[in-house]
Structure formats: C-alpha cells, structure tokens
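**Q** Got a sequence here, can you model it:
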Amino acid sequence: MMLNFAKVHFLGAAGTVTGSKFLLEAYSKKILIDCGMFQGLKELRELNWKELPIDVDQIDIVLLTHGHLDHVGFLPRLYRQGFRGKIIGTAPTLAIAGIILKDSAKIHEEEAEKAAVEHYSKHNPVLPFYTIVEAEKTITLFEAVEEGEWIPFSDKISYRFQYNGHIIGATFIELDIDKKRFVFSGDVGRVNDYLLEKPKKPEWADYLFLESTYGHKLHPTEDLEEILSEVIKETIVQKGNLIIPSFAVERLQMLMYVLWKLYKKNRIPNIPIFVDSPMGNNVLEVFKRYPQWHKLPMDEYAAMCNHVNIVESYRETWETIDNPRSKIIIAGSGMVTGGRVLTYLQQMIDDPTTTILLVGYQAEGTRGRQLQEGCHEVKFFGRYFPVKARVKSIESLSAHADQNDLLDWLSEIKNIPEEVFLIHGEQTALDAFRVKIQKEKNWNVCIPKLHAIKELMI
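**A** All right, here's what the predicted structure looks like:
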C-alpha cells in the first residue's frame, strides 16, 4: 500500500505568539491557515519584511480562524507576492479583517509619511508595510462561509469552521484530509465571557495545532467590576485621567459594556467616557450587523453606545486632551504599539495624576509589556517620554483561554491524537503546557520551531 503524507510549514506563531501562518500541503493542494503579522520584538517585526519561503502564487486558498492582526495582517503582503486565490472565513471574521486591514494600512502610510518628514527612520525611502490600495485589493478576495458546515474543497479534502469565542466571528478550523482530521485551534476564547458564548469543542483530532498563549497560567479570579470602580474613583479623587489602551475588537466593546453596567448600578459616577478608536467604532457596527454571534441584547448595545462619547476625528482627540475634567479614555492600540493612544500618552504619561490601565495580553517587546514591567521611560514618535503615570493591569479581561480552559477545550476529543503541535505561545508557556498535557493526557506533544516543516502520514 502506498503511504501518503501531508506537509505542514510553520511560517509563524512557532516559538512565539504572533504571526500565525501555517501552510498545509496535501494531494497537490496548498492551504494557508491564517496569515498574520509578527508583533513585538524587533527581530520578529523584521520578519514581516522578508519574502515567505514558499511559492505564494501556488497557494490555493487561505482559511482564517479570526480577524486579529496577528492572524490576518500579512494578507496584503501575500497579495503583493502574487496570491490571487480565495480568502475564506465566517462573515464577521471577514468584516473584522477588512476593518483591521484598512486601518492598519492607513497607519502604515501615516507612520511612513511622519517618519520621512521628521527623519526618525533609518530607512530611505521610508515605505509603508502595505498601502490602503493593496488592502482594498486583498479584501476583494474575501468569501464568507457558514459556521458549522462541512465544505468540500477537493475529492480528498473538506473543511469546517466551528465557533470558538475569543472575538466575534472567531472559529477553530477542522480539515478532513482523506481519513485524517487536522484541527487548528486559532485562539480559544473564555468559558465565561461578557459578550460571547462559550467555545465549541473538537471531538476528534488526528493532528492538533493548539494555541498556548496562557498555557502556563490561570487567569486570576479578580472582581473586574470592583477593580474598575476603584480605579475610576481614585482617578476622580486625584482630578486625573484614566487611559485604557484597548484592542479595538472585543476588548473595547466589553469595556464599554462593563462601564455602562457599573454606571447603571450606581457603582461609578457619571464620569465622561471617551472612546477614541476609529477601528473600534467600525467593530461596533459588526456587533450590530451580526447579533447572532454575541449575547449582548441590542437595547443594551444602543444604551451603552449612547452613554459614551465616540471620538470621530483627530481634532476631537485634541479637544478631549484639552478637556480639563477627569475622564476615562479608551483608545487603540491594546499593546500600545501605535494608534490614537500614543497621542494621549504623549500629553499625559508624565503626569502623576494619570493612570494607565492595561487590560489584555502584552506581547514581549511591545510598549505595553515595557509599561507592565515598570519601565521609567518609553519611546515613541522618535523620542523618549518619562513615565510618571501610575500603571495598573487587569489580567482577568483577557480574551484568551487560560491553562484550565485549554484543557477543558480538549476534554471531548475521543481519540488520542497522533501528534499535538503547541503554537502561538512564548517559550515559557509552551514548555509548561507541553509538560502539563503529557502528564494529564500522555499525548505526544511537539513544540515546532519557526520555518520547521513536518511530514504527517495521512
């Protein structure tokens, strides 16, 4: 009997958290699972500028687990390198991905222009990573499919997207290749989430590609509403400002909802709340368009939107900064890597009455991680700013499953996988989670290196 093999190329999120890209080759078909940007450490970010070590124009399709930048942000570069196939995901995932790609391209263009004018880049000429035109051309390749339905791709391959919490539209992807099932977890969401239902669970996996962002940790059982209300009250007493760098997808909407709830329960006063994230505002529209994908009642949605001040222009950003009242400012980006939050920090980070509240995972090498670890100064816009603001963190707001959630997500797999590949984690998390799975389940676990290629029997 002739043996057949599939080949998997680990092009990202291998030995690190970001840059998710996995090329699966089987029966003359080439399928790319996710196509994300590297974020964080400089040596990772520099990988974004390199050509992929594969024939991009030979890729048949791209399947997207969800719309976050570290899962979709490389798509316009893929287009530039010759890809013209379909990019497939759930309707909300593609809506989010479209928003993120256009916003990201706009930021790339603006930052390149600013760096060229102010001469703080070593590159000449200063080029954007990709342009708005390239992002828009990429979006023309999008094709939405239904969650939960098997879709035939060839006589030997079919695939299915399954609800996974995390952010609106997010899924894990199952591929049946001949008689073997490949499961790509994407990012697994929390069991108890303010806005989303709990993730579905895979029931069979011959080869499992499993995220490990919090594979070494349990989220603290802290009272989120109590912490937020205390921080807000302290801000008012100090006559200061509370700046919350936020991811535009899910986190921003969750914060709006929690703050609205606190106000409704009389747990916080009617302090002005400013939401300054053009991308976040667009994501609010996705919640409105796909109510079946979340559990926020639409009357509550309307009330929370009316309760906050949506900043719609850069002029309004400066008006918000000049407003002397104590206020809450929620602005992108969540890891302080760019976006409107930098404009606020430029003016307020050296003020001891300012509080910066970090509310999600801060990748290694990001400004958010530096602030979390107590840096005394932080560099952006080509110069250093002293950090005199108080910095606090809330870990329980993470949209990622922790170690217990991940083990629970595996609990309905009926077979013993032939191999489990731990991806999308920093080395400490990967090592700890490998040991945990081997001890709890006695499964064969591998931690692949970046650009590794694995042959798997099918």
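
**Q** Contacts for stretch 295-304 next, please.
**A** 195-197, 253, 256-257, 259-260, 287-288, 291 (Cβ atoms under 8 Å, 6 or more residues apart in numbering). (Glycine included, C-beta is placed from N, CA and C.)

**Q** make it 7 Å
**A** For stretch 295-304, contacts defined as Cβ atoms under 7 Å, 6 or more residues apart in numbering pick out 195-197, 256-257, 260, 287-288, 291.

**Q** chain center to that stretch, what's the gap?
**A** 23 Å (Cα atoms, centre = their mean, to the nearest Å).

**Q** Report the mean per-residue pLDDT for it.
**A** Stretch 295-304 shows a mean pLDDT of 90.

**Q** Could you list the buried residues of that stretch?
**A** 296, 301, 304 (16 or more other Cβ atoms under 10 Å).

**Q** quick revisit: buried subset of the contacts of stretch 295-304, written for ChimeraX?
**A** A single ChimeraX command selects the buried members of the contacts of stretch 295-304 (16+ other Cβ under 10 Å):
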select :195,196,256,257,260,287
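
**Q** Max pairwise distance over the contacts of stretch 295-304: which two?
**A** Glu197 and Trp260 (20.3 Å; Cβ to Cβ).

**Q** Check which helices and strands the helix or strand bottoming out on mean pLDDT in the chain is in contact with.
**A** Sorted by mean pLDDT, DSSP states H and E, the helices and strands of the chain end with helix 278-289, the least confident at a mean of 87. Secondary-structure packing of helix 278-289 (3 or more Cβ pairs under 7 Å, 6 or more residues apart in numbering; DSSP states H and E): helix 91-118, helix 251-264, helix 298-307.

**Q** if we go to 6 Å?
**A** helix 91-118 (3 or more Cβ pairs under 6 Å, 6 or more residues apart in numbering; DSSP states H and E).

**Q** How far off centre is the helix it packs on?
**A** Worked out by Cα atoms, centre = their mean, helix 91-118 lies 15 Å from the chain centre.

**Q** where do the helices sit along the stretch 51-200 of the chain?
**A** Applying DSSP state H, counting those that start in this stretch to the stretch 51-200 of the chain gives helices spanning 69-72, 75-80, 91-118, 132-139.

**Q** host element of Val420?
**A** Assigned by DSSP states H and E, Val420 belongs to strand 419-423.

**Q** Quick check: neighbours of that strand in the sheet, parallel or antiparallel?
**A** Paired neighbours of strand 419-423 in the sheet (DSSP bridges): strand 207-211 (parallel), strand 445-446 (parallel).

**Q** for the record, mean pLDDT for it?
**A** So the average pLDDT for strand 419-423 ends up being 98.

**Q** And the contacts of that strand?
**A** Applying Cβ atoms under 6 Å, 6 or more residues apart in numbering, the contact partners of strand 419-423 are 13-14, 207-210, 212, 430, 433-434, 443-448.

**Q** who wins for neighbours among those residues?
**A** Ser212 (30 neighbours; other Cβ atoms under 10 Å).

**Q** Report the contact partners of it.
**A** 422, 425, 429-430, 433.

**Q** that older thread, let me see the mean pLDDT of whatever helix or strand comes next after the strand holding Val420.
**A** Sequence-wise, the next helix or strand downstream of strand 419-423 (DSSP H and E) is helix 427-441. Averaged over helix 427-441, pLDDT sits at 97.

**Q** Over to stretch 399-414?
**A** 96.

**Q** And for stretch 259-277?
**A** For stretch 259-277, the per-residue pLDDT averages 94.

**Q** same check, this time on stretch 189-199
**A** Stretch 189-199 comes out at a mean pLDDT of 94.

**Q** My understanding was that Ala429 contacts Lys217; is that so?
**A** No. Ala429 lies out of contact with Lys217 (Cβ atoms under 6 Å); the separation is 7.4 Å.

**Q** what ranges of the stretch 101-250 of the chain fall below the confidence cut-off?
**A** Residues of the stretch 101-250 of the chain meeting the criterion pLDDT under 70: 119-123.

**Q** Domain-wise, how is this protein divided?
**A** 5-217+399-457, 224-397 (automatic domain parsing).

**Q** The first one: end-to-end distance?
**A** It refers to domain 5-217+399-457. One end of domain 5-217+399-457 sits 4 Å from the other (Cα to Cα, to the nearest Å).

**Q** Run the chain-centre distance for it.
**A** On Cα atoms, centre = their mean, the centre of domain 5-217+399-457 falls 10 Å from that of its chain.

**Q** Number of residues surrounding Ile87?
**A** Neighbours of Ile87 (other Cβ under 10 Å): 23.

**Q** Is it bridged to anything, and to what?
**A** Under the criterion used (DSSP bridges), Ile87 bridges to Val62, Phe142.

**Q** Which residues lie in contact with it in this structure?
**A** 62, 141-142.

**Q** Would you mind measuring from the most centrally placed residue in the chain to Gly215?
**A** Centroid-nearest residue in the chain: His68, 3.9 Å away (criterion: Cα atoms, centre = their mean). In this view, His68 and Gly215 are 18 Å apart by Cβ to Cβ, to the nearest Å.

**Q** And for Lys261?
**A** Lys261 is 31 Å from Gly215, by Cβ to Cβ.

**Q** about what we covered before: please tabulate the strands paired with strand 419-423 in CSV and include distance to Tyr344 as additional columns.
**A** Putting these into CSV (distance: least, Cβ to Cβ, whole Å) gives the following:
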stretch, distance to Tyr344
strand 207-211, 31
strand 445-446, 43
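
**Q** between those strands, which one is nearest to Ile100?
**A** Closest among these, using Cβ to Cβ: strand 207-211, at 18.7 Å.

**Q** between the closest one and helix 427-441, how many degrees?
**A** 130 degrees (axes from the mean of the first three to the mean of the last three Cα atoms, to 10 degrees).

**Q** Next up, the contacts around His71.
**A** By Cβ under 6 Å, 6+ apart, the neighbours of His71 are 20, 34, 36, 65.

**Q** Just the buried subset of the residues you listed, please.
**A** Counted by 16+ other Cβ under 10 Å, these give 20, 34, 36, 65 as buried.

**Q** Would you mind checking which of those is nearest to Glu111?
**A** Looking across these and measuring by Cβ to Cβ, the closest to Glu111 is Gly36, at 19.0 Å.
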